[in-house]
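# coords below, sequence missing:
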């Protein structure tokens, strides 16, 4: 056991580490923040702890707004999903959050009290983790709604956790008085001797959830005692890890599941930011996963295959936070390179990752759907469900934090894809006061159904957070406050007190294909940067009713520069359009999108659905004529109903289908020639990739050139080419738009 290290109280902490930083961050904000009324108009409000914390990071070129500065509009799909989670949050007993902590501390539990359950039961090796998520849920719920009920729960939980921490310290059962957990210190001690799962189960992962919850209780609710408790926990973590050699730490973090530590480097870096105490930054670096992945990602060497996805993804959030505090470039390089190893090379259509695959070039078969699949393996790993929701939750965090350093729209394009499909689709559209009603995996296997519930699991816990913070990335601002980024189309109101304005976004996206921004308050010279999504065609913008002309390139930000005044409006039109997205490794395995929305085919048949579209395509190349629109965003094609993936129920679905275009056809004119494939692309794929065509003559030039090239290369005979040209010529009337 590591010798106990002396604790440092808050006064001592101010003396030894960064008193100026603490004074700047902590002192101004608590007064008024905990009891603050909802924002109205453009009146200035006291800076919350979160706002001050976010604003003091000098390395960010783009910064987020505090959670309480953005209010979700009612009536949107985001508000509906959140309301269902708030229904649970309102009913959930704070004593259940505390139960296992009290038992461990030797304190009495109220009559009838019980632990959260699932993995956070009375005896499991992960108890306490779900309680940490619950604390974050309550904190986010309060920041989002200012409902006193959630603040009362936080204040009660934090006070009781303080008693547990004190009782454990007084009993002498831990190596340091800052220790706080829902089980004894034994698991942490055994990890240092390289114990494996199930003897121990991710002790620092559980520690992270508790520390994150306490930091959120401080930042979002203004509970100062939460900061005191988590600071003592940080002292304990430092006391254990700072004395261990690098080789021992490397081996610890490389132990499957047992060494999983969530975002411990993130919370330790956050403690450094909150206190200025260098010990916390030193401890954050103790979590560098150098044996397993860190160095490889710095060198941009992809070794992700077969690594446990959600063990590693949150580590990169921490590396970015360490970079924020240290400015050491390796930490940023590791995170940026890692992101590009996943997106798009291991990304499914709905934004998730990880799956199973058969034996082959990548070695033995993998049956664990929580492991990263081989690079470029999408169609080959659609089995055994896969796509763990926790992993998407953490990939959104990585994307968001990368954007703060480099506002590249690709990060927000990924964010939107995953939020609209995987995250929204992970929550059932039904109320429950007993469980989170979220999925563990959002299944990809053909004919799969979503399984909801997940009390006490990792995805059950992160699911509580997913649906109580939808507003966190809708708007960002440049570091100099000269620009406003509109990243997501989510009905909401931004209160930007520093600018003296509010910005209200009116939309029911993704159930609506337009949005309107309304500026209220005083005058403000400001660049508003509106993201033009990478899927968007015919994107249009009107300022006060006058169309903004000029290019609006998909996958960019459109800059609108002016002196904004009260009542100014920006209307945005973004027609959704139907399209297909092909799997990287098998071109005939595809997903239908309607704008940003994955359309899943409803069917319980485990065989892939086979769809054909080219008979309905006209000179514009649009596949829409092959689809009949229905109610509530549904479509019918090839005898199947396709429905938005964000609809949360248990109907079996197919996210991927097989594209079957057996012969070369143009309208109803069938050449009788097999639609052969070359390098993953069929002849019809090659032709229609050149659409839209301005005329039938232009279309015929493409068919003529493509068929001649395939004859030269031996993929078509001269007779087959003649038949293709005849069908293309005869179809002129049908191909006209």
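Received the coordinates, thanks. Just so it is clear, the model here is predicted, and its values are computed rather than measured.
# Contacts only, for the closest residue to residue 85 other than its chain neighbours.
Nearest in space to residue 85, with sequence neighbours left out and distances taken as C-beta to C-beta, 6 or more residues apart in numbering, is residue 467 at 4.3 Å. C-beta: built from backbone N, CA, C; applies to glycine. Counting by C-beta atoms under 8 Å, 6 or more residues apart in numbering, residue 467 makes contact with 81-82, 84-85, 423, 427, 438.
# give me the number of residues near residue 250?
18 (other C-beta atoms under 10 Å).
# That one against residue 290, yeah?
Yes - taking C-beta atoms under 8 Å as the definition, residue 250 is a contact partner of residue 290 at 5.2 Å.
# just to revisit the earlier point, of the contacts of residue 467 - the most surrounded one?
Ranked by the number of neighbours (other C-beta under 10 Å), the contacts of residue 467 place residue 438 first, at 30 neighbours.
# Who does that residue form a beta bridge with?
residue 427, residue 453 (DSSP bridges).
# now it: how far from residue 464?
Per C-beta to C-beta, to the nearest Å, residue 438 is found 8 Å from residue 464.
# picking that back up, from the contacts of residue 467, which land in strands?
residue 438 (DSSP state E).
# Quickly check the contacts of residue 467 for the two that are furthest apart.
Spatial extent of the contacts of residue 467 (C-beta to C-beta) is set by the pair 84 and 423 at 13.5 Å.
# Could you report the neighbour count for residue 500?
16.
# Show the pLDDT at the residue nearest to it when sequence neighbours are not counted.
Nearest in space to residue 500, with sequence neighbours left out and distances taken as C-beta to C-beta, 6+ apart, is residue 522 at 4.2 Å. Residue 522 is assigned a predicted lDDT (pLDDT) of 89.
# Just confirm residue 522 contacts residue 567, I think it does.
No - applying C-beta under 8 Å, one finds residue 522 not in contact with residue 567, separated by 11.4 Å.
# Which residue ranges make up each domain of the protein?
Under the assignment automatic domain parsing, the domains of the chain span 92-281, 661-737.
# In a strand, residue 368, correct?
No - assessed with DSSP: H, G, I helix; E, B strand; the rest coil, residue 368 is coil; it does not lie in a strand.
# For residue 600, give the beta-bridge partners.
On the basis of DSSP bridges, residue 600 is bridged to residue 643.
# Roughly how far does residue 170 sit from residue 718?
Counting by C-beta to C-beta - residue 170 and residue 718 are separated by 92 Å.
# end-to-end on stretch 377-389?
Start-to-end span of stretch 377-389 (C-alpha to C-alpha, to the nearest Å) is 19 Å.
# For that stretch, give the mean pLDDT please.
On average, stretch 377-389 scores 92.
# Same question for stretch 639-648.
Taken as a whole, stretch 639-648 has an average pLDDT of 98.
# how long is that stretch from one end to the other?
End residues of stretch 639-648 are separated by 22 Å (C-alpha to C-alpha).
# What's the biggest helix in this structure, counting residues?
What stands out as the longest helix in the chain, according to DSSP state H, is helix 148-171.
# In that helix, which residues are buried?
150-151, 153-155, 157-158, 160-162, 164-169 (16 or more other C-beta atoms under 10 Å).
# distance of the nearest residue to residue 425 once chain neighbours are set aside from residue 563?
Of all residues not flanking residue 425 in the chain, residue 645 sits nearest, at 4.4 Å (C-beta to C-beta, 6+ apart). Remark: distance between residue 645 and residue 563 (C-beta to C-beta) = 42 Å.
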